[in-house]
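# make a model of this:
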Amino acid sequence: MRLKFLSQIISVIFLFLFLAEIVSASGDDDEYEVVRTAPTAEEM
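Numbering: from 1, shown residues only. Okay, the predicted model is just below:
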């Protein structure tokens, strides 16, 4: 049960990183996106 929950969290994190890549690729809020993705990079 715990392992399934953990894998779910990991998949959500990867999905968030993937969405962040798309947003930064569009070049909308570049600086804001860099600041937002910095903490997640540290956690990994």
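
# lowest mean pLDDT among the helices and strands, pick that one out for the protein.
Every helix and strand of the chain was ranked by mean pLDDT, DSSP states H and E. The lowest is helix 30-43, at a mean of 55.

# same for the longest helix anywhere in the chain, what does it pack against?
In the chain, taking DSSP state H as the definition, the longest helix is helix 2-26. On a contact count with 3 or more C-beta pairs under 8 Å, 6 or more residues apart in numbering; DSSP states H and E, helix 2-26 meets helix 30-43. Quick note: C-beta positions are derived from backbone N, CA and C, even for glycine.

# returning to that earlier point: okay, buried residues for the longest helix of the chain please.
For helix 2-26, the buried set under the neighbour-count rule, 16 or more other C-beta atoms under 10 Å, comprises 23-24.

# could you shift the numbering so residue one becomes 2, and keep it that way?
I'll keep to 2 as the first residue from here, and by that count the last item is helix 3-27.

# mean confidence for that helix?
For helix 3-27, mean pLDDT is 88.

# ok, residue 9 to residue 2 distance?
Distance, residue 9 to residue 2, using C-beta to C-beta, to the nearest Å: 11 Å.

# repeat that for residue 17.
23 Å.
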